[in-house]
Structure formats: C-alpha cells, structure tokens
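1. Could you look at this predicted model? Sequence included:
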Amino acid sequence: MHAQETVAEPYRPVAKRAALWLLFLAPFFYLTYGTANWLASLRDDVGSIVFDWERAVPFMAWTIVPYWSINLFYALSLFVNDTKSGVDRLAGRYLTAQIVAVSCFLAFPLAATFVRPETTGLPGFMFAVLGGFDKPFNQAPSLHIALLVIIWDHLRPRFSGPAKIVWHGWCLLIGASVLTTWQHHFIDIPTGALLGLFALWLFPRAGALPFSSFALTGDRWARRLGASYAAGAVLLLAASIVGAFASAIWLVLLWPALALAIVAFGYFGAGAKIFQKADDGTV
C-alpha cells in the first residue's frame, strides 16, 4: 500500500470504493460482534470490572441518540474522502479496531452489570433495537470508543470554526453516552481509546505505513536496543495482566507497553517512520 495521495481524485470511483468497502464491513461487523456475544453468553465464567464510583453515574435515556449516531458516522465517513487510498486507510482502521476488539472479547469477555430501567418513546424503541443484537458482554476494549476515536480523527479536518466545536462536542457526548446509557463500564473507555489510537497509528492519514518496507536490521546495536524495548514492553504487559487481578488501575500499563513495543518495532527494522513526523518535525 502506497502513501496516501494529496491530489483529489474524481469522486465517482472514490464513492464506488467506499460503497464496496461498506458492503463488506457492515456484515463483517455484525457477524463477528454477534458471534463473540453469542460465545460469551455460553460461558459461566464471564466476570466484570466495575469501580464503586460508577454506581453514581446517572442513567440518561436520551443519550441513546448520540450513542446510536456513531452508526451513521461510520458509514458516512467512508464516503467523506478525496482519494481511494483515503477510503482504504479508513477501512484499514475499522478492520484493525474490529479484529483486535473481537479477539479480546473472545479471549476475556466481560459483562455489563447495571440493569437499565424501563424506557418509553424514541429512546425506548432505540434501546429495544439495540438489545436485539448487543448483549451485555464484550466490554473492554470498547469497540464503540475505538470507532469513535477513528471517526473523530477522520472528520475533524473537514470542519472549521463553530462547526469544528460542534463536532468535538458531539463526539464528547458520544463518548460519555457509553456510560450514561449503562452500556459500558469505565474501564472500557481508556482501553477502547488505546485501540482507536493504535488503529490511527497503524493506518495514518498520509505518508508511509509504519510496517511498509520492513526489513530486519543487521545492525547489532539497533537489534540490542530493540530487544531491550521489547523486554520492557513484555514486562509492562505482564504487570498489567497480573496487577489487574488486584485492581483494574494496573491496566494503565497497557499504554506504555504498547509505546515500548512500537519503538522496539522501529529499532528492529521499521525505522524512524514509526514516529510519523512531517518534514518540519511535527507529528
């Protein structure tokens, strides 16, 4: 896959590429997510991670509207591109979030523990539809939050002035809605955000992909440094997993673990492009 082009292409082939991707992504999303939900429902060892303070989070039925709106933005974002490469990169981000999240759901499913009160009207209808396929499993990392990070980043350059402020505000509302609809627990948010940011890094908006033209370095010093960073990443990952049995706060170590793993990847052969800096040094 080559670097994203900066010159806009005729929109018809771009839209066709977006439609083809959507025809694949939509059923892939519901098939994999639904399968993970079903498999989790068959287990009797599904636990949960809940902080005591979360019980004070109010249930706000109307926030199901911003919660649901991400479905519209998911599809729309594919068509908001200037090049076919831009569509491909966004689809790559979507696939990354979906595959990693579902893999986590299969490996260690978690359940939401709060029981929503009865709701009526439009919110009640939307909750009923949501409950038809979204069971109270598959919490961390929140796929909803991961996709929100991806979509927020994709559309924000398209806005300016007051419209950009509205976009940031609406995305913040979507993020908060995972708690106020009692769909997720807090731990799902930072883990979902980490997954979304990883997808952004893996498929940057422009420039070379971080894994493109990877070649294992023959430099012994670089390999030694890479091994040191990789060892640090493994130790932090192990500490986060073991520590999580005592307190979920230990999962914060996933962030530096991933950071060290990326640097190790750079030393082993990916090179400086892992930092994705522009010619002027900005990230």
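-> Yep, that arrived. Residues are numbered from 1 along each chain as shown.
2. any chance you could map the helices in the protein?
-> Along the chain, the segments classed as helices by DSSP state H run 11-41, 64-79, 84-107, 121-131, 143-155, 162-180, 188-202, 220-244, 254-265.
3. OK, contacts around residue 198?
-> Residue 198 sits next to 96, 100, 258 when contact means CB atoms under 8 Å, 6 or more residues apart in numbering. All C-beta spots, glycine's among them, are computed from the backbone N, C-alpha and C.
4. ok, so of these, who is nearest residue 237?
-> residue 258 (8.6 Å; CB to CB).
5. now that closest one: how far from residue 195?
-> 10 Å (CB to CB, to the nearest Å).
6. what about these two, which has more around it?
-> With neighbours defined as other CB atoms under 10 Å, residue 258 and residue 195 compare such that residue 195 has more, 27 against 18.
7. That one contacts residue 99, correct?
-> No: in this structure, residue 195 is not within contact of residue 99 by CB atoms under 8 Å, at 10.2 Å.
8. Below-threshold pLDDT in the chain: ranges please.
-> Across the chain, the ranges flagged by pLDDT under 70 are 1-6, 132-137.
9. So what does the closest residue to residue 104 other than its chain neighbours have for phi and psi?
-> Nearest in space to residue 104, with sequence neighbours left out and distances taken as CB to CB, 6 or more residues apart in numbering, is residue 141 at 6.0 Å. Main-chain dihedrals, residue 141, degrees, to the nearest 10: phi -80, psi 140.
10. from what I can see residue 190 touches residue 252, true?
-> Yes: using CB under 8 Å, residue 190 makes contact with residue 252 at a distance of 7.3 Å.
11. of the two, who's got more company?
-> A count of neighbours by other CB under 10 Å puts residue 190 above the other of residue 190 and residue 252, at 18 against 15.
12. Quick check: that one vs residue 75, distance?
-> In terms of CB to CB, residue 190 sits 26 Å off from residue 75.
13. For residue 261, give me its contacts.
-> Contacts of residue 261 by CB under 8 Å, 6+ apart are 229, 230, 233.
14. Present those as CSV; the columns should include neighbour count and distance to residue 24.
-> CSV is the format used below for the contacts of residue 261 (neighbours: other CB atoms under 10 Å; distance: CB to CB, whole Å):
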residue, neighbour count, distance to residue 24
229, 19, 36
230, 17, 34
233, 20, 33
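15. For the closest residue to residue 270 other than its chain neighbours, the count of nearby residues, please.
-> Leaving aside its sequence neighbours, residue 270 sits nearest to residue 214 (CB to CB, 6+ apart; 5.3 Å). Neighbouring residues of residue 214 were enumerated by other CB under 10 Å; the total is 15.
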